[in-house]
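*Asks:* all I have is the shape, not the residue letters:
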């Protein structure tokens, strides 16, 4: 655990050093933070709109069934498909844009003799402490309130699943880079 915390501290020390050194990167980081806040605000707006849709429709025999062909069902199916697409894009983006050029590359730490398990955990934590992962986690937690009409258990399950989804996306992207 100590090595993992050290790697997170190293990542942020490198980030702050880069921001102090380059005015353009500081401006880009501030713009990224503004875009992240805008994405969170957009998610809140979409959550309110989609959450207002009825989760169930009445069948002709009077029983309630899940809205498969209704507006709510299409939106919820689209949510799953968009989530799968975003997971794929995140992995490919990491692979094609960043690739092996990342500062937190496991090969760069080979000289220090950190056990692989601690090294991978530390690199994963350092990736999860960045602006994209934090923004994604907040957006997914906010999106979980879309399911408020389905009950409290559904919302709680979605809140628990939000960080797990971000950890899965980050793990898959690190896996693709390592391959």
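*Replies:* Right, received. Where do you want to start? Computed from a predicted model, the values in this text were never measured in an experiment.
*Asks:* residues contacting residue 87?
*Replies:* By CB atoms under 8 Å, 6 or more residues apart in numbering, the contact set of residue 87 is 165, 168, 169, 172. Using the backbone N, CA and C atoms, a C-beta is placed for each residue, glycine as well.
*Asks:* okay if I get the residues you listed as a markdown table plus secondary structure and distance to residue 46?
*Replies:* A markdown table is the format used below for the contacts of residue 87 (DSSP: H, G, I helix; E, B strand; the rest coil; distance: CB to CB, whole Å):
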| residue | secondary structure | distance to residue 46 |
| --- | --- | --- |
| 165 | helix | 17 |
| 168 | helix | 22 |
| 169 | helix | 19 |
| 172 | helix | 25 |
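*Asks:* who wins on neighbours among these?
*Replies:* residue 169 (23 neighbours; other CB atoms under 10 Å).
*Asks:* from residue 144, how far out is it?
*Replies:* In this view, residue 169 and residue 144 are 16 Å apart by CB to CB, to the nearest Å.
*Asks:* list the buried residues in the longest helix seen in the chain.
*Replies:* Assignment by DSSP state H gives helix 23-51 as the longest helix of the chain. Residues 36, 40, 43, 46, 47, 50, 51 are the ones in helix 23-51 that count as buried (16 or more other CB atoms under 10 Å).
*Asks:* helix or strand with the lowest mean pLDDT in the protein?
*Replies:* strand 64-66 (a mean of 52; mean pLDDT, DSSP states H and E).
*Asks:* and the residue nearest to residue 139 when sequence neighbours are not counted, what is it in contact with?
*Replies:* Nearest residue to residue 139 in three dimensions, chain neighbours excluded: residue 43, at 4.5 Å (CB to CB, 6 or more residues apart in numbering). By CB under 8 Å, 6+ apart, the contact set of residue 43 is 139, 142, 143.
*Asks:* ok, residue 43 to residue 90 distance?
*Replies:* 17 Å.
*Asks:* cool, residue 154 as well?
*Replies:* 25 Å.
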